[in-house]
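**Q** my questions are about this predicted structure, shown below with the sequence.
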Amino acid sequence: MTAKLELTGITKSFGRKTVLRGVDLSIPEGQNLVILGGSGSGKSVLLKCILGLLRPDAGTVRIDGQEIGARDDAVLSRFGMLFQGGALFDSLTVWQNISFRLRQGQNRLSRTEARDLAIEKLRRVGLTPDVADLLPAELSGGMQKRVGLARAIAAEPEIIFFDEPTTGLDPIMAGVINDLIREVIADLGATGITITHDMISMRAVGDHVALMLDGKVHWTGPAAEVDTCGDPHVTQFVSGSASGPIATVR
Ligand SMILES: Nc1ncnc2c1ncn2[C@@H]1O[C@H](COP(=O)(O)OP(=O)(O)OP(=O)(O)O)[C@@H](O)[C@H]1O
């Protein structure tokens, strides 16, 4: 199968500090890749390089075989993003948050169209229309995550990023969000990239897993193989063990 998203040799330094040292990754269409890695291993920097928010020093990002450049709005519109903590605009209502991007640009939706679309997306994530006119501060953390998810899928993106989607949620709500992630990816036929430290979530949403270490992809393989791959770094990370080849700083 051809890769939907392909990263080749991505390197990125800040001054003398090299964060990414040649990242190669290939994500097939319709699959969700979970990126694992310790704090500071470069996951967020990699995400920003894919989104074009940071320019890599070297390497290429390709979507459907086509190389993409930095800060290209046409490319950004193909991505959806569920930010850590929801990252909703405090002063906008739920429906305005969901349809924010669709109210910009030449083909922007009217107010009524945008509100209707937001309500349809709210339904998709299990929320009722009365939530549409509330402000984010009036919602629980789990509801905010659902609204963030509704916003991520509003423009029917081809590629969706999920940045620590279950952080701060109780285990049941985390399970609900994991199920929704799988469902929206399947509905849209989208390709997903999920950054998470939650091993339950990794197993629930991941088709493939990549473990980043020292600015490179150390291991990649099917999610079903993380327990049996025999790689000591993967075993240590997935089991959350303090002893193993990955150094821990105290
Ligand atoms: N704009 C920047 N300028 C300088 N250094 C940066 C910048 N952005 C990130 N870094 C550095 O790059 C390294 C990797 O950061 P990054 O945020 O990608 O880690 P991460 O793997 O996402 O960590 P976490 O799991 O804690 O979110 C860190 O040491 C960070 O300080």
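**A** That came through fine.

**Q** please point out which parts of stretch 84-97 sit buried.
**A** Neighbour counts using 16 or more other C-beta atoms under 10 Å place 86, 88, 93, 94, 95, 96, 97 of stretch 84-97 among the buried residues. Quick note: C-beta positions are derived from backbone N, CA and C, even for glycine.

**Q** quick one: the third one and residue 130 touch, right?
**A** No. Counting by C-beta atoms under 8 Å, no contact exists between residue 93 and residue 130, whose distance comes to 11.7 Å.

**Q** for the helix or strand of the chain with the lowest mean pLDDT, which outside residues touch it?
**A** Ranked by mean pLDDT, DSSP states H and E, the weakest helix or strand in the chain is helix 73-76, scoring a mean of 74. The contact list for helix 73-76 (C-beta atoms under 8 Å, 6 or more residues apart in numbering) reads 51, 52, 63, 68, 69.

**Q** now stretch 224-237
**A** Taking C-beta under 8 Å, 6+ apart as the rule, stretch 224-237 contacts 36, 38, 202-203, 209, 211, 213, 218-219, 221, 238, 241, 243-246.

**Q** and the end-to-end length of that stretch?
**A** In stretch 224-237, first residue to last residue: 15 Å (C-alpha to C-alpha, to the nearest Å).

**Q** just stretch 225-239 next, same as before
**A** Start and end residues of stretch 225-239 are separated by 14 Å (C-alpha to C-alpha).

**Q** over to stretch 51-59?
**A** Start and end residues of stretch 51-59 are separated by 14 Å (C-alpha to C-alpha).

**Q** buried ones in that stretch?
**A** Those would be 51, 52, 54, 56, 59, for stretch 51-59 by 16+ other C-beta under 10 Å.

**Q** one more: stretch 56-71?
**A** 56, 59, 61, 63, 68.

**Q** how far is whichever strand or helix holds the third one from where the chain is centred?
**A** Looking back up the chat, that one is residue 61. Per DSSP states H and E: residue 61 is located in strand 58-63. In this view, strand 58-63 has its centroid 18 Å away from the chain centroid, taken as C-alpha atoms, centre = their mean, to the nearest Å.

**Q** and residue 116, that's in a strand?
**A** No. If the criterion is DSSP: H, G, I helix; E, B strand; the rest coil, then residue 116 is helix and not within a strand.

**Q** next one: it relative to residue 184, how far apart?
**A** Distance of residue 116 to residue 184, given as C-beta to C-beta, to the nearest Å: 19 Å.

**Q** so for the two, which sits in the more crowded spot?
**A** Set residue 116 next to residue 184 and count neighbours by other C-beta atoms under 10 Å: residue 184 wins out with 24 against 16.

**Q** pLDDT at that one, what is it?
**A** At residue 184, the model reports a pLDDT of 90.

**Q** just checking, it touches residue 146?
**A** No. Taking contacts as C-beta under 8 Å, residue 184 lies outside contact range of residue 146: 10.8 Å.

**Q** now for the two: what residues contact both?
**A** Common neighbours of residue 184 and residue 146, using C-beta under 8 Å, 6+ apart, are residue 125.
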